[in-house]
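A.B. asks: Sequence and computational prediction follow.
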Protein chains: 2
Amino acid sequence: MGATPPRSPLAPAAFPDLPEIGGVSFATAEAGVRYKGREDVMLASLAPGTAIAGTFTRSSTRSAAVLDCQAKIGKPSDAGAAIIVNSGNANAFTGRNGAEAVRATTQAVAQALNLPETRVFSSSTGVIGEPLPHDRITAKLDELAKALSPSAMDRAARAIMTTDTFPKGAAAEVEIDGQVIHIAGIAKGSGMIAPDMATMLVYIFTDAMIDQQELQNMVSVLNAATFNCITVDSDTSTSDTLLVAATGASGLRVTEQSVGFMEGLRNVMLNLAHQVVRDGEGATKFVEVSVTGALSDEDARTHALSIANSPLVKTAIAGEDPNWGRVVMAIGKSGAPADRDTLSIRFGDILVAREGWVSPDYNEDIAAAYMKQQELAIHVDLGMGGGTARVWTCDLTHGYIEINADYRS
Amino acid sequence: MGATPPRSPLAPAAFPDLPEIGGVSFATAEAGVRYKGREDVMLASLAPGTAIAGTFTRSSTRSAAVLDCQAKIGKPSDAGAAIIVNSGNANAFTGRNGAEAVRATTQAVAQALNLPETRVFSSSTGVIGEPLPHDRITAKLDELAKALSPSAMDRAARAIMTTDTFPKGAAAEVEIDGQVIHIAGIAKGSGMIAPDMATMLVYIFTDAMIDQQELQNMVSVLNAATFNCITVDSDTSTSDTLLVAATGASGLRVTEQSVGFMEGLRNVMLNLAHQVVRDGEGATKFVEVSVTGALSDEDARTHALSIANSPLVKTAIAGEDPNWGRVVMAIGKSGAPADRDTLSIRFGDILVAREGWVSPDYNEDIAAAYMKQQELAIHVDLGMGGGTARVWTCDLTHGYIEINADYRS
């Protein structure tokens, strides 16, 4: 491990005040899985009857913990539940050993908190290919169980960090009939993550009362427009996990039709997703890429991701170069339909190109001045149909190379 | 334009001796399209009856010259033919202006060489989005026509360079019944190409006698295993063009069944394809990625390209880090079927991982020593079926960022 990298220039000014969520308590500990002198394990305890939904990496080489979560998720239960997460070791590509480590850990948590093992979810993040020293985690369970507190969510956000340069949290309040539902979440991730590290992990908690299947539907729908719309380097972790837990402690029932709640949950998810991009390895620019006028939403997304993942577009942004030719290139290579002669490109409000050529009003100096901003928007209208998409990314800089090539782990 | 970048460390020791090809002559000139003090236009004149085949970029934003070539290619003719190429300006994304510039140029060449316009093929490489000053090219046509010589192919290779750090040429001889067929080709390209530049251009000539349709079949088949198997940065040019011209001057007829000729043509194409990778922007390592044991050749190719295009794999290679976890990640994200527990990974001859975990014999020091070599091989066996693929790429270094972000054009 090299020295701790400096805090991302795109980081929020401060970690937000996260509200306590009825029915959820947290504890953290120094288990020494890999790191010394910092907390590296977090335990979340969830009240009986909590509904838990999740989405996971689609990687075919996904980790043992992800496979275990996928096997357990989606079953309604009146029992309590728990989430145990360690940083420093991803327990990914560790053969049969991986599943055994997950079983040992979740069994121990179940015993410590008197829960059915099927209600204990786990994640691991860090080095790939090394066996997880799960005994170091289980040795801390009594201490963790005793320390559980509803106000320790900020420490949980720190305990799950690997090479993140800042802890990530977000919250929302939703008023229903004069009563308040709380939503709060934490996340970690910054690219597929620096030397040998891998994972985006997200945990969101609410005191709303939601049916298990309903919660899963909500999470799947909102995930498609939030976490599935960010890209740092196009590389997909073996361990990506998003868990959303609804304890029902507020006594307020919500459904997919609860517009206010959906908006609140979406805001928390989008906020955390943006923070992951803002902590992208080496990032100096936060970029929104929006595409309109495609033949379908799926085509629009294909174009948007082709632009957001293009090394040439991302290095041009790093160089503050309004290089719209590379945007044209990225549209051309995406594989989705495009018509050179109907497409237009804007950088912010600046019309750069239209009808297959540079705009007659385009002024390179004005565009170059715009590119110096830290937050950028690239908008492409294909002029073909009604399909739209919006994704978020960062630039590709020397910092990315330094983190991923220069420092040997 | 910044200073000329240093010659790639992966460049061949010297430009090869290219044989003269009966029925083909070349001329070059300083037209001043964009560069000063160097030749930037090349003209190739082809004998009557020459069969010409080609493959082109599949970009939906392809350039006017590519569209014109595609409209003209594939028609057998007894007339002579010509290829005119300029560097410095890609004539891409230049609206209606683009097609007019192509027409003006090809018409002037047809007139100067007394050819039907349908037999004049053109390419342009360089800046995107600026109108091509085609009058500077056509003003040189009389000079070019007079200078045509069978021995000027090396100068042609230099005239088509943009940010290439070395000219690219390759040749082969094929003996048939005691007589010799010659094949020689030139190429340019180094990534999608540095500031605002775009294009891989390849021109190959042979004195073999080949039917038009037969030649096209041969080129398409061989292209799939050569130029379509290289990637520098996953970005696709708007102008990629491969033209193969068979003059018949040797009097020796060959077909797809001519194993020796197919082998010779394949060698020239693969050699030139490898040279493009060796001139990849910022490249310090030449990497062969091979995949076996996939359910199909297509799946194998998907996995191979996922590895070869992964920024995390490419930065690990730049850092001489035997980071097999990132190879596992790239397989997992590719979208093609893979089974974590049957896959094995080799770096060169070193068995790194097998059966879902690091190999028990794996020694990190030995692998790290291997990664210091300039030529590397990554081999993945999926253990599922008979599908195979092989692709070639380079590493991702600070040099790539410098070329594409630091220097404004």
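C.D. replies: Structure received. Numbers count the residues shown, from 1 in each chain, chains lettered A, B, ... in the order given.
A.B. asks: Let me see the contact set for residue A:405.
C.D. replies: B:315-316, B:318-319, B:321, B:395-397 (Cβ atoms under 8 Å, 6 or more residues apart in numbering or on different chains). In this view, the C-beta of every residue, glycine as well, is placed from N, C-alpha and C.
A.B. asks: One more pass at 6 Å, please.
C.D. replies: Contact partners of residue A:405, counting by Cβ atoms under 6 Å, 6 or more residues apart in numbering or on different chains, are B:315, B:318-319.
A.B. asks: near chain A, which of the residues you listed show up?
C.D. replies: Among these, proximity to chain A is found for B:315, B:318-319 (Cβ under 6 Å from any Cβ of the partner chain).
A.B. asks: quick one, strands of the stretch 1-150 of chain A?
C.D. replies: For the stretch 1-150 of chain A, applying DSSP state E, counting those that start in this stretch gives strands covering A:24-29, A:41-46, A:51-56, A:81-89, A:120-127.
A.B. asks: Packing partners of the third one?
C.D. replies: In this case it means strand A:51-56. For strand A:51-56, the packing partners by 3 or more Cβ pairs under 6 Å, 6 or more residues apart in numbering or on different chains; DSSP states H and E come out as helix A:212-224, strand A:241-246.
A.B. asks: again, only this time at 7 Å
C.D. replies: helix A:64-72, helix A:212-224, strand A:241-246 (3 or more Cβ pairs under 7 Å, 6 or more residues apart in numbering or on different chains; DSSP states H and E).
A.B. asks: what mean pLDDT would you report for that strand?
C.D. replies: Mean pLDDT, strand A:51-56: 93.
A.B. asks: Next one: the residue nearest to residue A:357 when sequence neighbours are not counted, what pLDDT does it get?
C.D. replies: Excluding the flanking residues, the one nearest residue A:357 by Cβ to Cβ, 6 or more residues apart in numbering or on different chains is residue B:95, at 3.4 Å. Looking at residue B:95, its pLDDT is 84.
A.B. asks: Distance-wise, check residue B:95 relative to residue B:33.
C.D. replies: Going from residue B:95 to residue B:33 by Cβ to Cβ, to the nearest Å gives 19 Å.
A.B. asks: circling back: what's around the residue nearest to residue A:357, how many residues?
C.D. replies: 18 (other Cβ atoms under 10 Å in any protein chain shown).
A.B. asks: residues contacting it?
C.D. replies: Shown in contact with residue B:95 (Cβ atoms under 7 Å, 6 or more residues apart in numbering or on different chains): A:355-357.
A.B. asks: switch to 10 Å and redo it
C.D. replies: If a contact means Cβ atoms under 10 Å, 6 or more residues apart in numbering or on different chains, then residue B:95 has A:340-341, A:353-358, B:64, B:129, B:131 as its contacts.
A.B. asks: farthest pair in these?
C.D. replies: Distance extremes for those: the farthest pair is A:354 and B:64 at 17.5 Å, using Cβ to Cβ.
A.B. asks: The two - which one has more neighbours?
C.D. replies: Neighbour count, other Cβ under 10 Å: between residue A:354 and residue B:64, residue B:64 has more, with 28 against 20.
A.B. asks: Could you verify my assumption that the more buried one touches residue B:94?
C.D. replies: Yes: between residue B:64 and residue B:94 there is a contact under Cβ atoms under 10 Å: 6.9 Å.
A.B. asks: Find the residues that touch each one of the two.
C.D. replies: A:356, B:100-102, B:124, B:132.
A.B. asks: Filter the residues you listed down to the buried ones, ChimeraX style.
C.D. replies: Buried subset of the shared contacts of residue B:64 and residue B:94, written as a ChimeraX selection, criterion 16 or more other Cβ atoms under 10 Å in any protein chain shown:
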select /A:356 /B:101,102,124,132
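A.B. asks: Make CSV from the shared contacts of residue B:64 and residue B:94 and add pLDDT and distance to residue B:204 to it.
C.D. replies: Below are the shared contacts of residue B:64 and residue B:94 laid out as CSV (pLDDT from 0 to 100; distance: Cβ to Cβ, whole Å):
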residue, pLDDT, distance to residue B:204
A:356, 83, 31
B:100, 96, 29
B:101, 97, 25
B:102, 97, 22
B:124, 94, 19
B:132, 95, 25
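A.B. asks: Restricted to helices, list the shared contacts of residue B:64 and residue B:94.
C.D. replies: Members of the shared contacts of residue B:64 and residue B:94 lying in helices (criterion: DSSP state H): B:100-102.
A.B. asks: one step back: mind listing which of the ones next to chain A among the contacts of residue A:405 are in helices?
C.D. replies: Applying DSSP H to these, the entries found in helices are B:315, B:318.
A.B. asks: Of the ones next to chain A among the contacts of residue A:405 - the most surrounded one?
C.D. replies: residue B:315 (26 neighbours).
A.B. asks: pLDDT below threshold where in chain A?
C.D. replies: For chain A, applying pLDDT under 70 flags the ranges A:1-5, A:191-199, A:233-237, A:406-409.
A.B. asks: Number of residues surrounding residue A:388?
C.D. replies: Counted by other Cβ under 10 Å, the residues lying close to residue A:388 total 18.
A.B. asks: same thing with residue A:180?
C.D. replies: Neighbour tally, residue A:180, other Cβ under 10 Å: 12.
A.B. asks: Identify the residues contacting the nearest residue to it once chain neighbours are set aside.
C.D. replies: Excluding the flanking residues, the one nearest residue A:180 by Cβ to Cβ, 6+ apart is residue A:173, at 5.4 Å. The contact partners of residue A:173, taken as Cβ under 10 Å, 6+ apart, are A:19, A:180-184, A:260, A:264.
A.B. asks: Residue A:267 now?
C.D. replies: Contact analysis of residue A:267 by Cβ under 10 Å, 6+ apart lists A:170-172, A:174, A:183, A:222, A:226.
A.B. asks: For it, pull up the helix or strand it's in.
C.D. replies: helix A:259-278 (DSSP states H and E).
A.B. asks: partner strands of the helix or strand following that helix, parallel or antiparallel?
C.D. replies: Using DSSP H and E, the helix or strand that follows helix A:259-278 in sequence is strand A:286-294. Next to strand A:286-294 in the sheet, as set by DSSP bridges, lie strand A:375-381 (parallel), strand A:387-394 (antiparallel).
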